[in-house]
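Student: here are the coordinates; sequence isn't available:
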């Protein structure tokens, strides 16, 4: 985890924006703040001197980050951290009112963030080029000195034989492919090798299906449907339209560099012991399986497994996981909340008003904000941009914490047409909306701004209705796992809400709720207790009883799916009293006392019902009171009584022997002897 910076450089960029050093000093107590006009040019020696000081350095500039990093490297000191306060605040029509925001952005950037774990992908440069015409051979010519190539032509390809067979060329169609960079498995149908005597047209020998190949990367120029879902997120799989020469060249240039060892973040940490996917072969929670765009998540018994090499880091699984088994790492939920807390605390401390949090990603949102600042009016002074790795990583805990810390509204900046499914994000917003409404936050507090036009973005933010934040602001510091952070954020939100309500109904698939049972149909078999992965359902060792702790329930549905009587229903809701409430009794009955020793051993109504059904109806319990009494005894007494009375468990009434096929064969043999007519046998 990086340390909090001890020295902060704040530049006015040659006086093109207000100087924010004083506001930053107030927002970052304990840090030395230096102000300047041009640290990257005329005042570069001041940067060198600051970099040479002990302790981490933060520079409020991102445009010249490469220059500052190079100077630090030449000086043999660690590269500084960077934060953008120019395009996000200083270059704006409301720049003079944006000092609280500038201070808040610097303070948030100064919050230490943990390093994400990494996974290594190893590629030896074994590449499969898949195409339908000469373009794939042209790509092979560009790559053959860099990669170990095999060209796979589609069956409809008509190509002249190459002058020299320096690159293997085969024919076939890829049936399926799996894996990622450094470990692709490919199955090919209609696989055939070329005939060496091909003359005007490349001809192939006999074809076969099911050929299997392994490679490190795939360059797909076939023009066919992609081999993978969310194909642009699959490391090592490059795809281009063969009719687009520029796109093919870009793909070739990327493929050329995909040999060696590569690191990518391990975006999701999975704790299998917390997963509520299944128990005893019965499936409960499957939220993550439905949301993963790349297929990186698969069932693995009672839990799921995440292939870190395939995972592209959308974070939808972690945002939707009700138990916290799947946790995002870039950054973890508690670290993101601590950054959000610093942002809003510093903003309000500098007398900022009506804060709107704008979540955005780097590639699309960052570029759109830059364009708005350079060519338009910039962001409004009360809009605080917060960059995240992926928009879909934003979970309910983050939204709840934003309003608890004093945000008036939240907007999420996405593409007009997202490249990948954002169902998880919209589900999270749909879950947060009734909670905020139920707690007295009126109006459209959370929404997605889908646009690719900076002017549309600026207009949408400038015309936002002014909504009042909570009159009080929470100050909690988040720590711990995702589920604990979520509970804490919701409790703190409830504590500062304008109109706190104890119970709020939620949409289906919410991670909170109650369990309702039809008490008349419940037999207290307690199979639901055995299936419950969180301990929300429990029994009593001394009495027939089913108890429920709502604070632990994640609405996984395992109890409902396991119940043999089908008397359990899920009630999605949030009860803010559940955290301090004792488990409530859903059903309780009198125990049945053993008629021999008096020890309670079962449910009284169940024992009586079994006796009533068997008495006089089954041969073992017809006219034999001692046998019927066995049902009314505990396990120990039943064994003792059976031994003393010498009951024969096989002493059933005589039944006619079951006739088999051997009896039929034997009967026919008695009537007819092989080789003789019936008249001869009778004679």
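Tutor: Nice, I can see it. Since we're looking at a predicted model, the values are computed, not measured.
Student: can you map out the helices along the stretch 101-250 of the chain?
Tutor: Here the stretch 101-250 of the chain has its helices, by DSSP state H, counting those that start in this stretch, at 134-143, 245-256.
Student: Apart from its neighbours in sequence, what residue is nearest residue 229?
Tutor: Excluding the flanking residues, the one nearest residue 229 by C-beta to C-beta, 6 or more residues apart in numbering is residue 295, at 5.8 Å. (Each C-beta comes from the backbone N, C-alpha and C, glycine too.)
Student: if you compare the helices of the stretch 101-250 of the chain, which one is most tucked away?
Tutor: helix 134-143 (a mean of 18; mean count of other C-beta atoms under 10 Å).
Student: what angle sits between that one and helix 245-256?
Tutor: Going by axes from the mean of the first three to the mean of the last three C-alpha atoms, to 10 degrees, helix 134-143 is angled at 40 degrees with respect to helix 245-256.
Student: average pLDDT for helix 134-143?
Tutor: Per-region confidence: helix 134-143 scores 95 on mean pLDDT.
Student: neighbouring contacts of that helix?
Tutor: For helix 134-143, the external contacting residues (C-beta atoms under 8 Å, 6 or more residues apart in numbering) are 127, 129-131, 149, 151, 153, 159, 162, 167, 169, 219, 221, 242, 248, 251-252, 255-256.
Student: still on that earlier bit, okay, the residue nearest to residue 229 and residue 424: tell me how far apart.
Tutor: Here the criterion is C-beta to C-beta, to the nearest Å. By it, residue 295 lies 15 Å from residue 424.
Student: first to last residue in stretch 56-72, what's the distance?
Tutor: Across stretch 56-72, the terminal residues are separated by 12 Å (C-alpha to C-alpha, to the nearest Å).
Student: Next: stretch 60-67.
Tutor: OK, stretch 60-67 end separation, C-alpha to C-alpha: 14 Å.
Student: Over to stretch 359-368?
Tutor: By C-alpha to C-alpha, the extent of stretch 359-368 from end to end equals 13 Å.
Student: what's the straight distance from one end of stretch 446-456 to the other?
Tutor: 18 Å.
Student: In contact with the residue nearest to residue 229: list those residues for me.
Tutor: Listed by C-beta under 8 Å, 6+ apart, the contact partners of residue 295 are 228-229, 310.
Student: pLDDT-wise, what's the bottom of these?
Tutor: residue 229 (93).
Student: which residues sit in contact with that one?
Tutor: Taking C-beta under 8 Å, 6+ apart, we find residue 229 in contact with 293-295.
Student: Quick one: the contacts of residue 295 as CSV, columns for distance to residue 285 too.
Tutor: CSV is the format used below for these (distance: C-beta to C-beta, whole Å):
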residue, distance to residue 285
228, 25
229, 21
310, 21
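Student: Was I right to think residue 554 contacts residue 276?
Tutor: Yes: judged on C-beta atoms under 8 Å, residue 554 makes contact with residue 276 at a distance of 5.9 Å.
Student: Let me see the contact set for residue 219.
Tutor: By C-beta under 8 Å, 6+ apart, the neighbours of residue 219 are 127-130, 139, 143, 238-240, 251-252, 255.
Student: Please apply the same query to residue 348.
Tutor: Counting by C-beta under 8 Å, 6+ apart, residue 348 touches 100, 355, 406, 473.
Student: Just the pLDDT for it.
Tutor: In this model, residue 348 is scored at 97, pLDDT.
Student: Regarding it, what is its secondary structure?
Tutor: Following DSSP: H, G, I helix; E, B strand; the rest coil, we place residue 348 in the helix state.
Student: Start at 5, not 1
Tutor: Will do, 5 is the new start, and the previous item becomes residue 352.
Student: Identify the contacts common to residue 558 and residue 280.
Tutor: Common neighbours of residue 558 and residue 280 (criterion: C-beta under 8 Å, 6+ apart): 289, 326-327, 537-538.
Student: which one of those is nearest residue 354?
Tutor: Within these, the smallest distance to residue 354 is 37.7 Å, found for residue 326 (C-beta to C-beta).
Student: Next one: that closest one relative to residue 309, how far apart?
Tutor: Taking C-beta to C-beta, one finds residue 326 at 18 Å from residue 309.
Student: Who has more neighbours out of these two?
Tutor: Neighbour totals were compared for residue 326 and residue 309, and residue 326 leads with 24 against 15 (other C-beta atoms under 10 Å).
Student: got the contact list for the more buried one?
Tutor: 280, 289, 291, 487, 515, 558-560.
Student: rerun at 7 Å
Tutor: 280, 289, 515, 558-560 (C-beta atoms under 7 Å, 6 or more residues apart in numbering).
Student: hang on, the earlier thing: I'd like the helices of the stretch 105-254 of the chain as TSV, with distance to residue 394 appended.
Tutor: Shown next, in TSV, are these (distance: least, C-beta to C-beta, whole Å):
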stretch	distance to residue 394
helix 138-147	31
helix 249-260	21
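Student: Now do the SS call for residue 376.
Tutor: Here residue 376 is recorded as helix under three-state DSSP.
Student: I'd assumed residue 460 was in contact with it.
Tutor: No: taking contacts as C-beta atoms under 7 Å, residue 376 lies outside contact range of residue 460: 9.7 Å.
Student: Who has more neighbours out of these two?
Tutor: Neighbours were counted for residue 376 and for residue 460 using other C-beta under 10 Å; residue 376 has more, 23 against 15.
Student: Report the separation between the more buried one and residue 457.
Tutor: Distance of residue 376 to residue 457, given as C-beta to C-beta: 9 Å.
Student: Over to residue 123?
Tutor: Residue 123 is 37 Å from residue 457, where distance means C-beta to C-beta.
Student: Repeat that for residue 496.
Tutor: For residue 496, the distance to residue 457 - C-beta to C-beta - is 37 Å.
Student: the more surrounded of those two?
Tutor: Each of residue 496 and residue 457 has its neighbours counted (other C-beta under 10 Å); residue 496 has more, 20 against 13.
Student: just to revisit the earlier point, pick the one among the contacts of residue 223 closest to residue 350.
Tutor: residue 242 (43.4 Å).
Student: Who is the closest one paired with across the strands?
Tutor: residue 223 (DSSP bridges).
Student: residues in contact with it?
Tutor: By C-beta under 7 Å, 6+ apart, the residues touching residue 242 are 223-224, 255, 258-259.
Student: Could you dump these into JSON lines with pLDDT and distance to residue 79 added?
Tutor: Shown next, in JSON lines, are the contacts of residue 242 (pLDDT from 0 to 100; distance: C-beta to C-beta, whole Å):
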{"residue": "223", "pLDDT": "98", "distance to residue 79": "42"}
{"residue": "224", "pLDDT": "98", "distance to residue 79": "46"}
{"residue": "255", "pLDDT": "98", "distance to residue 79": "39"}
{"residue": "258", "pLDDT": "98", "distance to residue 79": "34"}
{"residue": "259", "pLDDT": "98", "distance to residue 79": "37"}
